[in-house]
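[1] Kindly generate the corresponding structure for this input.
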Amino acid sequence: MRRALPLVLSGLLMTGCTVGPDYQRPVAETPSAWRIDYPKAAEVANSRWWEQFDDPALTQLIETALRENRDIRAAAARVDQFIGVLSTTRAQFYPQTGYGFDASRNRASGRGPSPLPPGGDPYYTLYQGALSADWQIDLFGRVQRASEAAQAQVYASEQGRRGVILSVVTSTAISYIALRALDRQLEITRATVENYAGTVRLFDLRFKGGVVSQVELSQVQSQYQQALAAIPTIEQQISAQENLISILLGRNPGPITRGKSIDQLVVPSVPADLPSTLLERRPDILQAEQILVAANANVGVARSLYYPTISLTGILGSVSTAFGDFLTGPARAASAVAGLTGPVFTFGAIEGQVQTAEAAQREALAFYQQVILNAFRETNDALTGSQKKRDESAALEQRVKALREYARLSRLRFENGASSYLEVLYAENELFSSELTAVRSLSERYTQLVNVYKAVGGGWISEADKLTPQPQIMATDKN
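    Presented below is the predicted three-dimensional model:
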């Protein structure tokens, strides 16, 4: 038995016993299908979907944003921060070595337990130098759990960086679509103003000739001024949208290069896949899970405080009053210490830390589950929106065609004296409003398609990641 005890203790020192719960992924209840069912098309979601719009200007803007966006660079720096924390934590697995040297001028006392002999020189110089090593044995897994938590934080920060990439790509695409929609609305408004201006000139001549009344002239002028007033508003919105895109590109506000008009963009395919795959490819879900992993490991770190800490310390050096003898054999000094420390009465200090860690773990679990629910909601909303906006846009396009014919016939009726200008006024105002609404609906349709790619995540984030600045530590490791 006495021989076996050292072997058992040696085995514990080598393997340790990690306290705290081991992580197990929570079971997530996933819907069997989306409310709007599309054919499975995972390969679509794994490609650079923004290129499907077939607009080189949009592709160039997104590539520039991926290279220059400041949020992406900040996210990469955050990953490096957590990698540094992980390196610091893992260093505790190994002995920490160091060195020291000092020289001091001293005066000995002529009294005391070791008095200076009469006539002796009370002043002397002392030289000391040593190499030291200190090692805390991770017997109960405190460092192991802390390392698990730090590793999970690295993974979480990396998924956070991928989430920023997702947001930058989709925000750039949506902002560009909105910009092209505003450009088209400005074109419609200017064309309408030009048309109304011709009508005003015609009615002014007719009024002077006594053909039309002041009432009809005022109606035409009001219609013209109303359309004219819309131009500055749209121009202001265009300027604001350009400034927004400039910030996404990581540069000062300024003009943005255009490509195809909004009605020339190619409609991308709609990606769809089984709901369960969202758990494996959405950055926010993966990030939330790693936060849960870290919180779970921190419970073990807190519980390890109940157990003793074993440390080994060794010192090898020299001590001499003469510098010439400092490195000789008689001047050598050595020390080896094994220490055991642990808590006895902490009056709830450790218990409070354990309670805090356990509560943080429960919070992380609830957050993880909420992120999953929100992911399913966003995906359902985006898939539903993409279909409904497609139907809405098609209906509005037909309405514009009908109103255009209505306006043409109303003007013919007015010119032939079959109706008053009020009918023309109503038809043209309805047409103008409907054209602007149709453009907004088309923009929203494209936006919903972008939101689908944002909601389902996918391999396209890895494709976009190839164009971004990498965390410096990770990039150095790859080299």
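
[2] immediately after the longest strand along the chain, which helix or strand?
    Using DSSP state E, we find that the single longest strand of the chain is strand 123-137. Next along the chain after strand 123-137, taking DSSP states H and E as the criterion, comes helix 142-208.

[3] Now do that next one against strand 123-137, angle only.
    80 degrees (axes from the mean of the first three to the mean of the last three CA atoms, to 10 degrees).

[4] Now helix 142-208: average pLDDT?
    Averaged across helix 142-208, pLDDT comes to 93.

[5] what's that helix packed up against?
    Packing contacts for helix 142-208, counted by 3 or more CB pairs under 8 Å, 6 or more residues apart in numbering; DSSP states H and E, involve helix 56-68, helix 70-90, helix 214-248, helix 283-303, helix 421-456, helix 460-465. For the C-beta atoms, the positions are set from N, CA and C on the backbone; glycine is no exception.

[6] Let me know the angle separating that helix from helix 56-68.
    Going by the same axes, to 10 degrees, helix 142-208 makes 140 degrees with helix 56-68.

[7] distance between helix 142-208 and the chain's centre?
    Averaging C-alpha positions (CA atoms, centre = their mean, to the nearest Å) puts helix 142-208 18 Å from its chain's average.

[8] now do stretch 456-473
    The answer for stretch 456-473 is 12 Å, by CA atoms, centre = their mean.

[9] What residues of that stretch count as buried?
    456-458, 460-461, 463-465, 467-468, 470-471, 473 (16 or more other CB atoms under 10 Å).

[10] which of these lies closest to L312?
    Nearest to L312 among the buried residues of stretch 456-473 is I473, at 30.9 Å by CB to CB.

[11] Local confidence estimate at the closest one?
    So I473 comes in at 66 (pLDDT).

[12] so where do the strands sit in the stretch 301-450 of the chain?
    309-320, 332-341 (DSSP state E, counting those that start in this stretch).

[13] Need the residues that contact stretch 110-129.
    99-109, 317-323, 326 (CB atoms under 8 Å, 6 or more residues apart in numbering).

[14] try 7 Å
    100-109, 317-321, 323, 326 (CB atoms under 7 Å, 6 or more residues apart in numbering).

[15] try stretch 78-91
    146-147, 150-151, 153-154, 157-158, 160-161, 471-474.

[16] returning to what we had before: what comes up buried for the longest strand of the chain?
    Y127, Q128, G129, A130, S132, W135, Q136, I137.

[17] Show me what the last one is bridged to.
    With DSSP bridges applied, the residues forming beta bridges to I137 are I310.

[18] Verify the stated contact: it with P308.
    No - the criterion here is CB atoms under 7 Å, and I137 misses it with P308 at 10.2 Å.

[19] Next, count neighbours for the closest residue to Y196 other than its chain neighbours.
    Sequence neighbours aside, Y224 is the residue nearest to Y196 in space, at 4.0 Å (criterion: CB to CB, 6 or more residues apart in numbering). Residues near Y224, counting by other CB atoms under 10 Å, number 21.

[20] same deal with I285?
    21.

[21] From T379, how far out is it?
    Note on I285: its distance to T379, by CB to CB, to the nearest Å, is 11 Å.

[22] Give me the secondary structure label for R251.
    Following DSSP: H, G, I helix; E, B strand; the rest coil, we place R251 in the coil state.

[23] Just the pLDDT at it, thanks.
    The model's pLDDT for R251 equals 93.

[24] How much space separates it from N69?
    From R251 to N69 the distance is 10 Å (CB to CB).

[25] Tell me which of the two has more neighbours.
    More neighbours surround N69 than the other of R251 and N69, with 25 against 14 (other CB under 10 Å).

[26] I'd say the more buried one and V168 touch.
    Yes - the criterion here is CB under 7 Å, and N69 meets it with V168 at 5.0 Å.

[27] Please find the angle between the direction vectors of the longest strand of the chain and strand 309-320.
    Going by the same axes, to 10 degrees, strand 123-137 makes 160 degrees with strand 309-320.

[28] Also compute the angle for strand 123-137 relative to strand 332-341, please.
    Using the same axes, to 10 degrees: strand 123-137 against strand 332-341 is 40 degrees.

[29] how far is strand 123-137 from where the chain is centred?
    On CA atoms, centre = their mean, the centre of strand 123-137 falls 48 Å from that of its chain.

[30] Show me what the mean pLDDT comes to for that strand.
    85.

[31] Could I have the CA atoms of that strand written out in PDB?
    Provided in PDB are the C-alpha atoms of strand 123-137 (Å, rounded to 0.1, in the frame of the first residue of the first chain):
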ATOM      1  CA  TYR A 123      31.000  48.200   4.600                       C
ATOM      2  CA  TYR A 124      30.800  45.500   2.000                       C
ATOM      3  CA  THR A 125      29.300  44.800  -1.500                       C
ATOM      4  CA  LEU A 126      27.000  41.900  -2.100                       C
ATOM      5  CA  TYR A 127      26.500  40.400  -5.500                       C
ATOM      6  CA  GLN A 128      23.500  38.100  -6.100                       C
ATOM      7  CA  GLY A 129      22.400  36.300  -9.300                       C
ATOM      8  CA  ALA A 130      20.000  33.500  -9.900                       C
ATOM      9  CA  LEU A 131      17.900  31.500 -12.400                       C
ATOM     10  CA  SER A 132      14.400  30.600 -11.100                       C
ATOM     11  CA  ALA A 133      11.600  28.300 -12.200                       C
ATOM     12  CA  ASP A 134       8.100  28.200 -10.900                       C
ATOM     13  CA  TRP A 135       5.300  25.700 -11.900                       C
ATOM     14  CA  GLN A 136       1.800  25.400 -10.600                       C
ATOM     15  CA  ILE A 137       0.600  21.900 -11.300                       C
END
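
[32] burial of R90, as a residue count?
    15.

[33] For the remainder of this discussion, apply numbering that starts at 14.
    Sounds good: first residue 14 from here, last item R103.
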